[in-house]
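> here are the coordinates; sequence isn't available:
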Ligand SMILES: Nc1nc2c(ncn2[C@@H]2O[C@H](COP(=O)(O)OP(=O)(O)OP(=O)(O)O)[C@@H](O)[C@H]2O)c(=O)[nH]1
C-alpha cells in the first residue's frame, strides 16, 4: 500500500479547511475551527491501487515564522497551495510559499524528484469581486512547474475531488520516477564497481 502525504497551505481564510473537508466528506460547512492543526486520514483506491492518504491542514499561526515550513517540506510528498481569488494579498502569500518550496536548497536537500505542487485559486463563486486574474494564477503555476486550477469549495464538490485526485496522481508519478532513478543509480554504481575491480582482477 502506498502512503501519500499532502500538505494544504496558504494564507489565512483562503479556504484550506473548506477544501479539505469538502474532499473528505463532500460537504461544505461554512465555518471551520481554525485554532488547531489537523492531519486527516483517508483510504482510497486509485487506478487499482490501495492508498493511505494523509492530509495536513495547518491552523493559521501568525506568530510562526511565515515561510519556515521546514517540517512541512520534509513531511509532505505533495502540496496544495491555496489563495483566494478575491484577495490579492493571499496570492502574494501563495507565491512566497511556492518560491520557498522551489528554492534550490529545499528541493535538493532530500528530493530525487521535485515535489508535486498544485496551485488553487479558491472562491471562484466570488468572481464579481475578483482581484487575481485566472491568467496570473496560471502564469505563476507554469513558471514554477506547478499544476493550476480555479474552483469554489463552496459550490463545486466534483471539481474539488478532481483537484485532489490530480495532485495524488502527480505524487504517484513522482514515486515511480524516484524508484526508476534509484534503481538506475544503483545499476550504474554496480557497473562502475565492476569496471574498476573487474579490470584490475584481469590484469593481475
Ligand atoms: N464564498 C466562498 N467562501 C468560502 C469558500 N471556501 C471557504 N470559504 C469561506 O472562507 C472562510 C475561511 O474558510 P476556511 O476553510 O476556514 O479557511 P482556512 O484557510 O482553513 O482558514 P484558516 O485556517 O483560519 O487560515 C469561511 O468563512 C468559509 O466559509 C468558497 O469557495 N467560496
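Arrived safely, thanks for sending. Every value quoted in this text rests on a predicted model; they were computed, and no experiment measured them.

> For this structure, which residue occupies the most central location?
residue 79 (1.5 Å; C-alpha atoms, centre = their mean).

> So what pairs up with that one in the strands?
Assessed by DSSP bridges, residue 79 has beta-bridge partners residue 7, residue 117.

> So which elements touch the longest helix anywhere in the chain?
Ranked by residue count under DSSP state H, the longest helix found in the chain is helix 157-203. If contacts are counted by 3 or more C-beta pairs under 8 Å, 6 or more residues apart in numbering; DSSP states H and E, helix 157-203 sits against strand 2-10, helix 16-25, strand 38-46, strand 49-57, strand 78-84, strand 116-122, strand 147-150. C-betas here are computed from N, CA, C, even on glycine.

> Of all those, which one comes closest to residue 175?
Distance to residue 175, taken as C-beta to C-beta, is lowest for strand 2-10 among the helices and strands packed on helix 157-203, at 6.7 Å.

> what about the longest helix of the chain, near the ligand?
No - against the ligand, helix 157-203 shows no contacts by C-beta under 6 Å from any ligand atom, the least distance being 9.0 Å.

> for the record, mean pLDDT for that helix?
Averaged across helix 157-203, the pLDDT comes to 81.

> what about that helix, distance to the chain center?
20 Å (C-alpha atoms, centre = their mean, to the nearest Å).

> that older thread, pull up the gap between the residue nearest to the centre of the chain and residue 119, please.
The spacing between residue 79 and residue 119, counted by C-beta to C-beta, to the nearest Å, is 9 Å.

> related to what we said a few turns ago, correct me if wrong: the residue nearest to the centre of the chain contacts residue 115.
Yes - assessed by C-beta atoms under 8 Å, residue 79 is found in contact with residue 115 at 6.2 Å.

> any shared contact partners between these two?
residue 101 (C-beta atoms under 8 Å, 6 or more residues apart in numbering).

> which residues touch residue 13?
34, 60, 84, 87, 90.

> In helices, which of those residues appear?
residue 90.

> Looking at the contacts of residue 13, which two lie furthest apart in space?
Maximum distance among those (C-beta to C-beta): 15.7 Å, for 34 and 87.

> Of the two, which one has the most company?
More crowded of residue 34 and residue 87, by other C-beta atoms under 10 Å: residue 87, with 21 against 14.

> Return the distance of that one relative to the ligand.
Look at residue 87 and the ligand: by C-beta to the nearest ligand atom, to the nearest Å, they are 10 Å apart.
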